[in-house]
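1. Pasting the sequence and the predicted model now:
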Amino acid sequence: MDNMDFMIFLRMLSKKGFLETLWHITEKKQVHYNELQKYLMKKNIVSSQASVTIILNGLTNLGLLDRIVVDGKPPRTSYSVNKLGKSVLTQLNNLKNTL
């Protein structure tokens, strides 16, 4: 990853709600969309369903989350932090502890 890609990655990760969402999903192991939406809205991290979708799509596009769709009526979507996401969080925690 070159410097420009790294800067883009950091900008995406620093958007409102991205880190809070990543930490929450890590803590819960796997989270359904509706459960995450309720949590983020209760904590006033987001104010709309669209914001939740933007955050989840952003984290998934960064390669930090796995999206699992379970067939059914209605279909259920859940998210979990993958290996790369856990690695990024480990590095961020190391940085936090250094400061």
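-> Here it is on my side, so go on. Since the model is a prediction, treat every value here as computed from it, not as a measurement.
2. Dead centre of the chain: give me the residue that sits there.
-> In the chain, the centroid-proximal residue (CA atoms, centre = their mean) is Leu22; its distance is 3.6 Å.
3. Run a quick check on that residue versus Leu84, I expect a contact.
-> No: here Leu22 lies out of contact with Leu84, judged by CB atoms under 8 Å, at a distance of 11.1 Å. C-beta coordinates here come from the backbone N, C-alpha and C atoms, glycine included.
4. what touches both of those two?
-> Residues touching both Leu22 and Leu84 (CB atoms under 8 Å, 6 or more residues apart in numbering): Leu64.
5. ok so, going back, got the contact list for the residue nearest to the centre of the chain?
-> Contacts of Leu22 (CB under 8 Å, 6+ apart): Leu59, Leu64, Leu65, Val81, Gly85, Val88, Leu89.
6. State the phi and psi torsions of the closest residue in space to the fifth one that isn't next to it in sequence.
-> Right, the one you point to is Gly85. The shortest distance from Gly85 to any non-neighbouring residue, by CB to CB, 6 or more residues apart in numbering, is to Leu64 (3.5 Å). When read as degrees, to the nearest 10, the backbone of Leu64 gives phi -100, psi -20.
7. Provide a list of residues in contact with Leu64.
-> Counted by CB under 8 Å, 6+ apart, Leu64 has contacts Leu22, Val81, Asn82, Leu84, Gly85, Val88.
8. Who is the second one paired with across the strands?
-> Beta-bridge pairing of Val81, defined through DSSP bridges, involves Leu65.
9. what about Ser48, distance to Ile55?
-> 11 Å (CB to CB, to the nearest Å).
10. Compare these two (neighbour count), which wins?
-> Ile55 (23 against 11; other CB atoms under 10 Å).
11. Check for me that the more buried one belongs to a helix.
-> Yes: membership of Ile55 in a helix is supported by DSSP: H, G, I helix; E, B strand; the rest coil.
12. Tell me which stretches of this structure form strands.
-> Counting by DSSP state E, the chain has these strands, from start to end: 31-32, 65-70, 76-81.
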